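Asker: Got a predicted structure here, sequence first:
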Amino acid sequence: MIPGPFNYYRPATVADALKLLSTLGDEARPLAGGHSLVPMMKLRLATPEHLVDLHGVADLKGIRREGNTVVIGAMTTQHELLASDEIGRSLPILDETALLIADPQVRYRGTIGGNVANGDPGNDMPALMMALGASYRLEGKSGAREVAASEFYQGAYFTALEPGELLTSVAIPVPSAGHGYAYEKLKRKVGDYATAAAAVVLTMAGGKVATCKIALTNLSETPLLAEDAAKAVIGTSLDPATLKKAAAAAEAIMSPAADARGPVEYRKHVGGIMVMRALQRAAGRAS
């Protein structure tokens, strides 16, 4: 349970961090909250020769409104999201989801950038970012680029990040006023990854669903955008038959692993239930 030897660096700017990652090469790893990397180092499953600690980079922190977009620095912690008035006003589903991540100790240290960047299918924020239409700013020695959250995840722990790149911020379009939202998560105990979870963001008009996004957590190697399930509810009042149809459409794209959280069919079944619950709660909040 003791990590191997490594060299430690604490840059003060994004440029310095990128220079270090470029110079040190494949044996260097950036350190954000450390909740994924440090346990792997303790088990010697990860043995980087160099750690580049990003906590000294002030430009990677903070929450700001730019027109109809909220921009969040990658090193902003889950606790800081929960304490933000801007997040509470503009993106309440982010509050709801952050509260379901682990426990207060983890949320004080864990960052939004670390949660979305490492490609862990059990992390909660990636599916939420897909449902919200978020994009990620990636910076490297060749410059900066924007990648949609829906195009970022390629497999378990595989993402669009190139060697030497950092995810420096998350940009989230502010949903329309009166939108409904919900993040439903089934877990075995407080602090656990989801057995299954679903994020829903929708709008209602005349008692019927006008727009809808549904995304799924820990039900495949990547977060999933359940497009057919969302289409199934458009123009409906979310009657029981429609809810079952949406759940079935969502289950059709699920491919969870059989693990300690349950066999495949159980996880797909409860995934469908999370979708139905999230749709109902989101509709109840919409105005």
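Answerer: Happy to help now that I have it. Numbers count the residues shown, from 1 in each chain.
Asker: would you list every one of the strands in the chain?
Answerer: Remark: strands assigned in the chain by DSSP state E are 7-9, 28-31, 50-53, 63-66, 69-73, 135-140, 143-148, 153-155, 158-159, 166-173, 180-186, 196-205, 208-217, 224-225.
Asker: Tell me which of those is the most buried.
Answerer: Comparing the strands of the chain by mean neighbour count (mean count of other Cβ atoms under 10 Å), strand 196-205 ranks first with a mean of 25. All C-beta spots, glycine's among them, are computed from the backbone N, C-alpha and C.
Asker: Work out the sheet partners of that strand and label each with its direction, please.
Answerer: Sheet pairing for strand 196-205, assigned by DSSP bridges, gives strand 180-186 (antiparallel), strand 208-217 (antiparallel).
Asker: same for the lengthiest helix in the chain, what does it pack against?
Answerer: In the chain, taking DSSP state H as the definition, the longest helix is helix 264-285. Under the contact definition 3 or more Cβ pairs under 8 Å, 6 or more residues apart in numbering; DSSP states H and E, helix 264-285 sits against strand 180-186, strand 196-205, strand 208-217, helix 240-251.
Asker: repeat that with 6 Å
Answerer: The contact analysis (3 or more Cβ pairs under 6 Å, 6 or more residues apart in numbering; DSSP states H and E) places helix 264-285 against strand 180-186, strand 196-205, helix 240-251.
Asker: circling back: nearest to R109, out of the strands of the chain?
Answerer: strand 28-31 (11.0 Å; Cβ to Cβ).
Asker: Run through who's touching that closest one.
Answerer: With contact meaning Cβ atoms under 6 Å, 6 or more residues apart in numbering, strand 28-31 is reached by 21, 48, 50-54.
Asker: Make CSV from those and add distance to K213 to it.
Answerer: Shown next, in CSV, are these (distance: Cβ to Cβ, whole Å):
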residue, distance to K213
L21, 34
P48, 37
H50, 39
L51, 37
V52, 35
D53, 35
L54, 30
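Asker: Can you report how many residues neighbour L43?
Answerer: By other Cβ atoms under 10 Å, the residues close to L43 number 11.
Asker: And it, what's its pLDDT?
Answerer: Per-residue pLDDT puts L43 at 91.
Asker: For the stretch 151-287 of the chain, which residues score under the pLDDT cut-off?
Answerer: Along the stretch 151-287 of the chain, the model assigns pLDDT under 70 to no residue.
Asker: now the nearest residue to L216 once chain neighbours are set aside: how far from L132?
Answerer: Take L216 and drop its neighbours on the chain: the residue closest to it by Cβ to Cβ, 6 or more residues apart in numbering is L224, 4.2 Å away. Going from L224 to L132 by Cβ to Cβ, to the nearest Å gives 15 Å.
Asker: Please apply the same query to A258.
Answerer: In terms of Cβ to Cβ, A258 sits 30 Å off from L132.
Asker: what's the spacing between H269 and L224?
Answerer: For H269 relative to L224 (Cβ to Cβ), the value is 16 Å.
Asker: Same check on P104?
Answerer: In this view, P104 and L224 are 29 Å apart by Cβ to Cβ.
Asker: ditto for P175
Answerer: To L224, P175 is 20 Å away according to Cβ to Cβ.
Asker: what residues go with each domain of the chain?
Answerer: 7-56, 58-173, 181-285 (automatic domain parsing).
Asker: mind checking how far the first one is from the chain centre?
Answerer: Taking Cα atoms, centre = their mean, to the nearest Å, the mean C-alpha location of domain 7-56 is offset from the chain mean by 21 Å.
Asker: Number the chain from 32, please
Answerer: Okay, residue one is now 32; in that scheme the one you just asked about reads as domain 38-87.
Asker: Next, the distance between the ends of that domain.
Answerer: Across domain 38-87, the terminal residues are separated by 16 Å (Cα to Cα, to the nearest Å).
Asker: just the second one next, same as before
Answerer: Counting by Cα to Cα, you get 23 Å between the two ends of domain 89-204.
Asker: Just give the closest residue to the residue most central in space within the chain, not the sequence neighbours.
Answerer: By Cα atoms, centre = their mean, the chain has its centre lying nearest to M156, at 1.8 Å. Excluding its sequence neighbours, the residue lying closest to M156 (Cβ to Cβ, 6+ apart) is N146, at 4.3 Å.
Asker: hmm, back to that, and the strands paired with strand 227-236: which comes nearest M71?
Answerer: Within those, the stretch nearest M71 is strand 239-248; the backing value is 20.9 Å (Cβ to Cβ).
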